[in-house]
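Chemist: got a structure for you, letters missing:
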């Protein structure tokens, strides 16, 4: 259940854009220990699903529709 509470602020490690989509990789820090592939995490108010988790880095596939309807496309490394 989404509680709407902010647990932590994380840092964008990469935002790889293609023509239609983006793979967003975020350093989850302490949240990584309790996260797994398939978990949903809200990033800037957008609920995304972890596609790949490697250590503390989580990657999310962001669709063209999500990019069009949110500000996620403006994220850059160190954001």
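Modeler: Now that the structure is in, tell me what you want to look at. Everything quoted here is computed from the prediction, not taken from an experiment. Residues are numbered from 1 along each chain as shown.
Chemist: Check which element follows the helix or strand of the chain with the lowest mean pLDDT along the chain.
Modeler: The weakest-scoring helix or strand in the chain, judged by mean pLDDT, DSSP states H and E, is strand 40-43 (a mean of 92). Counting by DSSP states H and E, the next helix or strand C-terminal to strand 40-43 is strand 46-54.
Chemist: So which elements touch the helix or strand that that next one is followed by?
Modeler: Moving toward the C-terminus from strand 46-54, the next helix or strand (DSSP H and E) is strand 57-62. In terms of contacts (3 or more Cβ pairs under 8 Å, 6 or more residues apart in numbering; DSSP states H and E), strand 57-62 is packed against strand 22-27, strand 40-43, strand 46-54. C-beta: built from backbone N, CA, C; applies to glycine.
Chemist: okay, the ones you listed, which one's buried deepest?
Modeler: Greatest average neighbour count among these goes to strand 22-27 (a mean of 19), per mean count of other Cβ atoms under 10 Å.
Chemist: Distance of the residue lying closest to residue 32 once chain neighbours are set aside relative to residue 25?
Modeler: Leaving aside its sequence neighbours, residue 32 sits nearest to residue 56 (Cβ to Cβ, 6 or more residues apart in numbering; 4.1 Å). Distance, residue 56 to residue 25, using Cβ to Cβ, to the nearest Å: 11 Å.
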